[in-house]
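*Asks:* fold the following and give me the result.
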Amino acid sequence: MSEATEQPAPQVDADAWEQACAEDLAAEKARRKAAYGTPPGSAAEELRRLMDAVSDKLAGIQAPFLGAVAQGTAEQVARQVVRQARAAVEPVIERNSGVFDHLAAAGSELLAAYRSAVETQESRWTQRSPQGPKRPGTTRDEGPDGEHIDLD
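*Replies:* Alright, predicted model coming up:
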């Protein structure tokens with residue numbers, strides 16, 4: 001071939017595949033978020049959200065039987081307890097956020113193992129007949145006093 005007949009190589013974007021995958025992943029995440037809502041965060045984030053919810057709930061508690069002064073004192077005590085709990089828990093979460101993810105995963109595995117064990121036992125219970133286990137080739141019947149009689 002001569003140089004006159006050769007065509008220049010097309011320009012290829014080296015990152016095209018990476019960009020296409022990133023766009024597909026973003027579209028899939030958006031579709032799942034629209035269909036199922038916001039996915040849960042890490043275990044550490046969920047613990048923080050729980051602490052926020054508890055503190056909001058404690059701040060909103062109104063005791064009708066307490067007077068105005070006692071109500072104000074109870075709110076101050078609740079806020080102080082929440083602040084102390086947060087001060088104790090936040091550093092632990094910051095230093096060990098991966099630990100919470102591992103604990104959450106371990107808890108999920110334990111739950112799956114428990115569920116499997118329970119389902120297995122339930123299937124054993126439901127597969128048994130009310131008269132008890134049968135031997136192959138035998139039939140059972142009840143006598144007049146309710147005892148089981150083999151009719152081989």
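*Asks:* which helix or strand contains residue 79?
*Replies:* helix 68-95 (DSSP states H and E).
*Asks:* in the top helix by length along the chain, what's buried?
*Replies:* Looking across the chain with DSSP state H, the single longest helix is helix 97-127. Within helix 97-127, the residues scored as buried using 16 or more other CB atoms under 10 Å are 100, 104. Using the backbone N, CA and C atoms, a C-beta is placed for each residue, glycine as well.
*Asks:* just checking, what packs against it?
*Replies:* helix 43-60 (3 or more CB pairs under 8 Å, 6 or more residues apart in numbering; DSSP states H and E).
*Asks:* hmm, who's touching the helix it packs on?
*Replies:* Contact partners of helix 43-60, identified using CB atoms under 8 Å, 6 or more residues apart in numbering, comprise 40-41, 75, 78-79, 81-82, 85-86, 89, 93, 97, 100-101, 103-104.
*Asks:* please save the CA atoms from stretch 98-111 in CSV.
*Replies:* Output in CSV follows, covering the C-alpha atoms of stretch 98-111 (Å, rounded to 0.1, in the frame of the first residue of the first chain):
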residue,chain,number,x,y,z
GLY,A,98,-15.3,0.5,59.5
VAL,A,99,-16.0,-1.5,62.7
PHE,A,100,-19.7,-0.6,62.5
ASP,A,101,-19.9,-1.8,58.9
HIS,A,102,-18.3,-5.1,59.9
LEU,A,103,-20.6,-5.5,62.9
ALA,A,104,-23.6,-4.7,60.7
ALA,A,105,-22.4,-7.4,58.2
ALA,A,106,-21.9,-9.9,61.0
GLY,A,107,-25.4,-9.2,62.3
SER,A,108,-26.8,-9.8,58.9
GLU,A,109,-24.9,-13.1,58.6
LEU,A,110,-26.2,-14.2,62.0
LEU,A,111,-29.7,-13.3,61.1
